[in-house]
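One predicted model, sequence on top.
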Amino acid sequence: MSSKIKVALKVGIIQVNPQIGEVEKTVARVWNALEELEKKLNYDESLYPDLLVFPEFSLIGYHFESKEQIRPYAATGDMKNGPSYELAAKISKKFNCYTVIGMPEIYIDHNDNDREIFYNSSLMVNKEGEILYRYRKSFLYTQDYKWGCEENPEGYQNFDLEFKGKGTNLTTGEKNIDVTLKTGLGLCMDMSPYKFKSPFHDYEYSTWHLDHGTELMIFSMCWLHSSAFSEMSEQTAEEVIEDIEENLKLRNLPPIGSQGDFTFNLDNDDDIERIANPNTTKISYTNLKEPDMQNINYWILRFSPFVSMNIRQEVFDSGLVESQLNKPSQIRRSSYIGCTIEKPWGFEDKQAILLLANRCGIEQKCKVFAGSSNIMKFNGKYQETAYGMDSTNESVELLGGLTLGYEGILLRDVNITVNR
């Protein structure tokens with residue numbers, strides 16, 4: 001007989017603005033922010049997080065152009081060398097929590113003439129400061145290719161993550177039980193269509209994790225704001241730089257945006273105003289103390305398999321699911337937009353948590369990051385009127401977020417009910 005287990009966690013996200021060549025400054029700011037967090041929690045260890053998550057390339061900046069440029073920042077061997085692991089291990093020991101942090105990795109393939117393989121990786125460090133799990137980015141962004149990054153040959157993955165004493169058996173009433181959550185890590189482009197060429201509605205990352213029963217998804221990113229210059233920009237880099245510089249001058253901020261002015265969001269309020277997708281594809285880099293709702297809504301859209309969608313019954317009844325599952329895809333899948341062969345929505349009456357840790361700030365004067373780190377809960381509640389695949393959809397609970405432009409720490413109590 002299965003039981004329903006309520007899992008009560010405290011999870012946190014640290015949003016930072018790292019710059020290339022300034023690792024020590026970034027580490028110092030992180031420790032200053034964590035010391036301030038302790039003060040705000042009155043040094044009460046019962047209020048400390050069970051899990052802290054950093055963005056992709058958390059300490060080193062992002063826009064590297066070559067292997068030689070990124071090499072000094074890369075972890076090697078057992079991954080225990082370098083500032084990223086060292087910081088994560090110290091934080092985990094201090095707060096008695098799991099810590100997730102992103103960094104580059106150089107792997108030596110002894111089966112291929114000791115060939116160096118560069119990966120964009122994410123580590124989970126346990127409470128003893130030991131590496132519990134390593135994940136390598138599966139889908140690569142254009143910038144990753146510039147420094148020779150390679151795809152994760154194993155693709156998406158998940159694992160069991162234990163939380164001691166955090167569960168309550170709602171069937172028997174037993175409290176303070178140990179519970180494991182099926183957990184998956186992700187890195188930025190993993191959320192997008194493969195090379196921006198795969199069918200949008202394949203939703204590779206979220207489809208894989210729905211199919212594999214993942215209950216806790218931890219996503220680290222260097223996600224760009226729509227005002228950033230990229231290969232797809234309509235403006236030239238010079239025009240983008242001019243707009244950004246003018247905007248920063250109005251706010252008395254340096255060319256890298258805000259740094260050191262941490263915002264703390266610790267009060268457990270659902271403080272995000274739910275709005276539908278804006279009618280424009282480009283939003284100016286303003287309102288830096290508000291979240292970037294354009295990107296938040298896009299992130300929700302990319303997790304559509306976990307979101308209530310009234311069209312699913314029609315898709316299920318049409319027999320389209322089986323034909324779609326027979327089409328080639330970057331992943332092996334047993335669902336399509338959340339529909340399975342057996343039922344219209346495979347996630348109905350289930351729950352999952354999504355942690356989105358994004359960086360903020362500006363690099364190279366025109367690479368603008370979206371910040372807006374966020375904690376979401378997918379509650380599995382079907383709604384016949386669920387039309388919007390955005391923050392207005394009530395099957396998505398926005399538990400709290402950080403701003404577009406400022407470094408900060410987000411801390412939330414999160415409850416999830418799972419079947420065991």
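Alright, I've got the coordinates. Numbers count the residues shown, from 1 in each chain.

List the residues that contact C97.
Y48, P49, D50, L51, L52, I91, K127 (CB atoms under 8 Å, 6 or more residues apart in numbering). Every residue, glycine included, has its C-beta placed from N, CA and C.

quick one: which of those residues has the most company?
Greatest neighbour count in these, by other CB atoms under 10 Å, goes to L52: 27 neighbours.

Next, give phi and psi for it.
Main-chain torsions, L52, degrees, to the nearest 10: phi -120, psi 140.

Dig out what it forms beta bridges with.
On DSSP bridges, the residues paired with L52 through beta bridges are G12, T99.

Please verify my assumption that it contacts I13.
Yes. Between L52 and I13 there is a contact at 7.5 Å, judged by CB atoms under 8 Å.

Just the ones of the contacts of C97 in helices?
I91 (DSSP state H).

Please identify which of the contacts of C97 is nearest to N326.
Distances from N326 to the contacts of C97, taken as CB to CB, are shortest for L51 (38.6 Å).

how near is that closest one to V125?
11 Å (CB to CB, to the nearest Å).

same check, this time on L399
24 Å.

Check T392 too.
From T392 to V125 the distance is 37 Å (CB to CB).

So if I had to pick from those two, which one is more boxed in?
Legend: neighbour count by other CB under 10 Å for T392 and V125, higher for V125 (27 against 15).

what sits against that one?
V125 neighbours (CB under 8 Å, 6+ apart): Y85, A88, A89, I91, S92, Y98, T99, V100, I101, I131, L132.

Can you pull the phi/psi pair for the last one?
This points to L132. The phi/psi pair for L132 (degrees, to the nearest 10) is phi -90, psi -40.

burial of E174, as a residue count?
12.

cool, and K94?
Going by other CB under 10 Å, the residues that sit close to K94 add up to 14.

In contact with it, which residues?
Per CB under 8 Å, 6+ apart, neighbours of K94: L34.

which stretches of the protein have low pLDDT?
Low-confidence segments of the chain, defined by pLDDT under 70: 231-234, 270-271, 277-282, 386-387.

just checking, what packs against the top helix by length along it?
For the chain, the helix with the greatest residue count under DSSP H is helix 23-40. Packing partners of helix 23-40 (3 or more CB pairs under 8 Å, 6 or more residues apart in numbering; DSSP states H and E): strand 4-15, helix 83-95, strand 263-265, strand 408-419.

Can you check which of those gets nearest to L356?
strand 4-15 (7.6 Å).

in the closest one, what counts as buried?
Under the neighbour-count criterion of 16 or more other CB atoms under 10 Å, strand 4-15 has I5, K6, V7, L9, K10, V11, G12, I13, I14, Q15 buried.

Then stretch 146-153?
W147, G148, C149, N152.

Closest one of the residues you listed to E407?
Distances from E407 to the buried residues of stretch 146-153, taken by CB to CB, are shortest for W147, at 24.8 Å.
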